[in-house]
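Kindly return the folded structure for what I paste below:
(one chain, ligands or ions: 1)
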Amino acid sequence: MSGVKVTALGCLSKLLKSLRAVPARPCSLAACSRKNTRNAALHPLWQSPLTIPGGTRQSPINIQWRDSVYDPFLKPLKISYDPTTCLHIWNNGYSFLVEFDDSTDRSTIVGGPLENQYRLKQFHFHWGAINDWGSEHTVDCKFYPAELHLVHWNAVEYPSFEEAVMEGNGLAVIGVFLKLGARHEGLQTLVDALPAVRHKDTVIEFDVFDPSCLIPSCPDYWTYAGSLTTPPLTESVTWIIKKKPIEVDEDQLEAFRTLLFTSHGEEERRMVDNFRPLQPLMNRTVRSSFRPQLGP
Ligand SMILES: [Zn+2]
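Sure, this is the predicted structure:
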């Protein structure tokens with residue numbers, strides 16, 4: 001277990017080296033404070049305890065490629081989304097959520113590590129103030145500038161999302177890393193809508209969107225048992241982290257950073273660094289659907 005902590009600290013020190021002027025990383029939301037001490041103020045979401053006492057499967061984690069275990073029994077993940085189940089975009093004061101009609105099995109995932117079919121509830125992103133960090137998960141201590149989470153719930157075993165959130169196999173979240181590169185045409189539809197939800201608590205209609213365009217076609221993924229990364233932090237998530245990132249361009253990331261944590265009339269605070277810090281792996285194994293690479 002101490003080895004795990006060393007790993008998490010290893011990542012931390014790697015990040016801190018890149019920050020030079022920052023003496024410590026007291027929390028995820030202060031990690032960005034290279035130039036801007038205003039970020040030392042915690043987002044209200046994190047004024048409650050940062051950890052779950054006794055938690056043994058918290059997220060996010062660092063995925064150490066060489067420590068992940070290839071599982072030949074892991075199936076390919078089957079994704080089937082109906083674009084007309086898309087409902088709206090909501091700035092909830094921490095990210096923007098694209099929400100779906102989950103009253104029927106029209107947008108679902110099945111297979112992969114999952115024993116049931118799971119329904120799409122919403123997707124959202126986490127991102128940094130600059131491109132050096134922003135993702136919640138890391139791979140071999142590498143941060144990506146942003147990470148997409150597609151949140152699904154087990155409607156076979158539970159009657160509602162709210163009940164599924166409280167159960168060990170209640171949720172399945174697909175994580176996709178965003179890296180800097182070419183403009184992503186699928187994402188652009190979403191980016192074009194963001195000015196309308198700049199402030200906290202604004203909602204706009206956003207019907208007809210197929211988020212499978214945001215998921216890389218490469219079938220490879222890692223999977224592990226974890227938690228929500230925002231309160232209530234319940235240990236209900238089967239994480240499916242895609243190995244291959246998608247490419248987005250600088251303007252698209254900048255559009256995320258024009259959103260606000262704050263409501264109309266409040267002093268404006270930019271929505272950036274909305275990620276939770278790494279959590280210890282504890283007694284968990286990260287499985288991969290693909291054979292480990294040989295060589296460096
Ligand atoms: Zn998330």
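
Under the pLDDT cut-off, which ranges of the protein? List them.
1-42, 44-52, 294-296 (pLDDT under 70).

Would you map the strands across the stretch 51-200 of the chain?
In the stretch 51-200 of the chain, strands defined by DSSP state E, counting those that start in this stretch lie at 62-63, 69-70, 77-80, 86-91, 96-100, 108-111, 118-127, 138-139, 146-153, 171-180, listed in chain order.

and of the ones you listed, who's closest to V272?
Evaluated over these, closeness to V272 peaks at strand 118-127, with 6.7 Å, by C-beta to C-beta. C-beta coordinates here come from the backbone N, C-alpha and C atoms, glycine included.

Just send the strands of the stretch 51-200 of the chain back as CSV, with mean neighbour count and distance to T234 too.
Listed next are those as CSV, based on neighbours: other C-beta atoms under 10 Å; distance: least, C-beta to C-beta, whole Å:
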stretch, mean neighbour count, distance to T234
strand 62-63, 22, 21
strand 69-70, 10, 25
strand 77-80, 16, 23
strand 86-91, 20, 21
strand 96-100, 22, 18
strand 108-111, 18, 20
strand 118-127, 25, 14
strand 138-139, 20, 22
strand 146-153, 26, 12
strand 171-180, 23, 8
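
looking at those strands, which is closest to L278?
Nearest to L278 among the strands of the stretch 51-200 of the chain is strand 62-63 (5.5 Å), distances taken as C-beta to C-beta.

sorry, back to before: which one, of the strands of the stretch 51-200 of the chain, ends up nearest to P292?
Smallest distance to P292 across the strands of the stretch 51-200 of the chain (C-beta to C-beta): 5.7 Å, for strand 69-70.

Next, count neighbours for the closest residue in space to K243 that isn't next to it in sequence.
Spatial nearest neighbour of K243, excluding adjacent residues (C-beta to C-beta, 6 or more residues apart in numbering): D220 at 4.0 Å. D220 sits with 14 neighbouring residues when counted by other C-beta atoms under 10 Å.

Distance to N283 added to the strands of the stretch 51-200 of the chain, as TSV?
Listed next are the strands of the stretch 51-200 of the chain as TSV, based on distance: least, C-beta to C-beta, whole Å:
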stretch	distance to N283
strand 62-63	16
strand 69-70	14
strand 77-80	25
strand 86-91	36
strand 96-100	32
strand 108-111	26
strand 118-127	25
strand 138-139	20
strand 146-153	24
strand 171-180	21
